[in-house]
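Colleague: Have a look at this fold, sequence not included:
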């Protein structure tokens, strides 16, 4: 009597069906989490002030990657600490996104250049290219520098300052304010001549006793360097004989 093959085919079909279910289960359990994770977003952590190593460690824990690293000067953040990050902290990004970091190189100091005598436009360009900020331009009368050219800077040339410092430019003009010349240590007659030649007016002269030669200017107001203009009054304290001084008192 010949045996029927039907039970065997049923058994094989069941095995194939189980194999298909197992394959589908594998796909679901392995691939789906990856697909879900790929589209997941996370918030970028705050990395400011961290060392590059700690910043990278925190990025990895957050599912992110370290991107481009740049070293930049910073007066606020200590050397070798994160002073900038892109994207910024709190922004939601896809997992696996690279985060660029800026690492502080500390304070970068530069010297104020000597621009005396340069045309104003050239001086402004030179300062801005050197990383300074021109705060304002002042006109100052001077007989030694042609009009429209730089007389002086503040802070003065040679001063070591932080990059980005504001600088005031004084430009020569034929009229207006000019710096008060020094009279201290000069003889009163020489001082009179300087005062007159600048269009200033000699006001009060107060006597004083001193070991300096008679007639020597001990004090002046306005003091040297103060801004004055023609017609301003200048007061002096001048060495006089002690007897003369006592009599005047």
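Modeller: On my side now, so go ahead. Everything numeric in this text was worked out from a predicted model, so none of it was measured. Numbering: from 1, shown residues only.

Colleague: the helices in the protein, which residues?
Modeller: Along the chain, the stretches classed as helices by DSSP state H are 6-38, 52-61, 120-129, 188-197, 242-248.

Colleague: residues contacting the most centrally placed residue in the chain?
Modeller: With distances taken as CA atoms, centre = their mean, the residue of the chain nearest its centroid is residue 164 (3.2 Å). Residues near residue 164 by CB atoms under 8 Å, 6 or more residues apart in numbering: 131-133. Bear in mind the C-beta positions are built from the backbone N, C-alpha and C, glycine included.

Colleague: Let me know the closest of the residues you listed to residue 16.
Modeller: Comparing those against residue 16 with CB to CB places residue 131 closest, at 75.2 Å.

Colleague: Can you tell me the closest non-neighbouring residue to the closest one?
Modeller: By the measure of CB to CB, 6 or more residues apart in numbering, the closest residue to residue 131 outside its immediate chain neighbours is residue 163, 4.0 Å from it.

Colleague: Select, out of the helices of the chain, the one closest to residue 228.
Modeller: helix 188-197 (10.2 Å).

Colleague: Pull the distance from the closest one to the chain's centre.
Modeller: The chain centre lies 45 Å from the centre of helix 188-197; the measure is CA atoms, centre = their mean, to the nearest Å.

Colleague: And for stretch 16-27?
Modeller: Counting by CA atoms, centre = their mean, stretch 16-27 is centred 65 Å from the centre of its parent chain.

Colleague: Please enumerate residues in contact with stretch 146-154?
Modeller: Under the contact criterion CB under 8 Å, 6+ apart, stretch 146-154 has outside partners 112, 115-120, 123, 140, 142, 145, 167-174.
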